[in-house]
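Novice: could you look at this predicted model? Sequence included:
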Amino acid sequence: MAPHGDPDAPVVPVGPGERRREKGAVLRVLATPAAPLFDLMAKIDVVDGHKLPASGSFVLTPNHITNIDPVVVGRVMWRFGRLPRFMAKASLFRVPIFGRLMHAMGHIPVERAGRTHDSDPLGAAGRLTAVGGGVIVYPEGTLTRDPDLWPMKGKSGAVRLALAAGVPIIPVAHWGSQELMGRYSSKLRPFPRKRITVIVGDPVDLSPYRDRPLDQASMTEATALVMESITALLERIRHEEAPAERWNPSKNEQRETGSFE
């Protein structure tokens, strides 16, 4: 396995209280005891963590390799004083008790077909960003199908949201979570304690698209830029080069959702 971390970039050891924390009583009650428990299972090294906005609205776009990824990304945001909020599949919000907690924590329900309960996913997320929150959107839409876990072809939802709300897209890549939980697995492997590296990138330059119609061609181009940024970050922490052509599930006769293994 490739080594973790980038020797040329600073690993940021951020402790509690280094940034002013956002308000979010329900999420704080749940995360305060959960964060140290997760730390017992994995040590997260954060590279260029200062690039995560200290305040204001943004869209965070991580790569997606295993079902534990949201916990990893959420733990990093929590460490930096930002509340992790996700656009998540609507079926989770229909689970008794859990669904109410998801709503209370500010997560946004999205139907598989792309529709929220408000019939407007961009409007729902836009209202969140309007009050200075960050939204985590997995641009691949599901776990990567790439055999070597490189980012695959992306979907345009994150770009549409960022352009519609006028907020930056911050690319993120991580590596090592697949050792804590395998792809499509629900079983944790906490022993020995795992090491995960998370790297935060510069905002993706979407300025060429801000005055253009949100048509399919523009969104495809902009989404490709986001995926290129994520992939470049992952190359840094994996110390490997990604395939020249990004994995496309449809070209490989794979379904858009669900496990293919």
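Specialist: Thanks, I have it.
Novice: alpha carbons only for contacts and neighbour counts from here, please
Specialist: OK.
Novice: can you give me the helices for the stretch 1-150 of the chain?
Specialist: 25-41, 69-79, 98-104, 121-130 (DSSP state H, counting those that start in this stretch).
Novice: what does the longest one rub up against?
Specialist: I take that to be helix 25-41. Helix 25-41 has contacts (C-alpha atoms under 8 Å, 6 or more residues apart in numbering) with 75, 83, 101, 104, 105, 180, 190, 191, 192, 193, 194.
Novice: a strand runs through residue 196, doesn't it?
Specialist: Yes. Counting by DSSP: H, G, I helix; E, B strand; the rest coil, residue 196 is part of a strand.
Novice: and which of the contacts of helix 25-41 is nearest to residue 153?
Specialist: Set against residue 153, the nearest of those by C-alpha to C-alpha is residue 180 (24.6 Å).
Novice: strands along the stretch 51-200 of the chain, start to end?
Specialist: For the stretch 51-200 of the chain, applying DSSP state E, counting those that start in this stretch gives strands covering 58-62, 87-89, 108-110, 134-136, 169-175, 194-200.
Novice: which one of the ones you listed lies closest to residue 216?
Specialist: strand 169-175 (18.6 Å).
Novice: ok so, going back, what's the PyMOL syntax to select whichever of the contacts of helix 25-41 are buried?
Specialist: Selection of the buried residues among the contacts of helix 25-41 in PyMOL, burial being defined by 16 or more other C-alpha atoms under 10 Å:
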select buried, resi 75+83+101+105+180+194
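Novice: of the contacts of helix 25-41, closest to residue 230?
Specialist: Using C-alpha to C-alpha, residue 75 comes nearest to residue 230 of those, at 18.9 Å.
Novice: state the pLDDT value of the nearest residue to the closest one once chain neighbours are set aside.
Specialist: Once flanking residues are discounted, residue 75 sits nearest to residue 35: 6.6 Å by C-alpha to C-alpha, 6 or more residues apart in numbering. Model confidence at residue 35, given as pLDDT, is 89.
Novice: which SSE is residue 231 in?
Specialist: Under DSSP states H and E, the secondary-structure element containing residue 231 is helix 216-238.
Novice: buried residues, that helix. List them.
Specialist: Buried, per 16+ other C-alpha under 10 Å, within helix 216-238: 218-220, 222-238.
Novice: helices and strands around it, which ones?
Specialist: For helix 216-238, the elements it packs on are helix 157-165, strand 169-175, strand 194-200, judged by 3 or more C-alpha pairs under 8 Å, 6 or more residues apart in numbering; DSSP states H and E.
Novice: ok, residue 235 touching residue 241?
Specialist: Yes. Using C-alpha atoms under 8 Å, residue 235 is in contact with residue 241, at 5.6 Å.
Novice: which one of the helices and strands packed on helix 216-238 lies nearest to residue 143?
Specialist: Checked against C-alpha to C-alpha, the stretch from those lying closest is strand 169-175, at 13.3 Å.
Novice: any idea how far residue 191 is from the spatially most central residue of the chain?
Specialist: Central residue check for the chain by C-alpha atoms, centre = their mean: the C-alpha nearest the mean position is that of residue 62, 3.4 Å away. Residue 62 sits 25 Å away from residue 191, going by C-alpha to C-alpha, to the nearest Å.
Novice: residue 154 now?
Specialist: Per C-alpha to C-alpha, residue 154 is found 33 Å from residue 191.
Novice: do the same with residue 56
Specialist: From residue 56 across to residue 191, the span is 38 Å (C-alpha to C-alpha).
Novice: make JSON lines from the strands of the stretch 51-200 of the chain and add mean pLDDT and distance to residue 145 to it.
Specialist: JSON lines is the format used below for the strands of the stretch 51-200 of the chain (pLDDT from 0 to 100; distance: least, C-alpha to C-alpha, whole Å):
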{"stretch": "strand 58-62", "mean pLDDT": "95", "distance to residue 145": "15"}
{"stretch": "strand 87-89", "mean pLDDT": "76", "distance to residue 145": "19"}
{"stretch": "strand 108-110", "mean pLDDT": "75", "distance to residue 145": "21"}
{"stretch": "strand 134-136", "mean pLDDT": "89", "distance to residue 145": "20"}
{"stretch": "strand 169-175", "mean pLDDT": "98", "distance to residue 145": "16"}
{"stretch": "strand 194-200", "mean pLDDT": "98", "distance to residue 145": "20"}
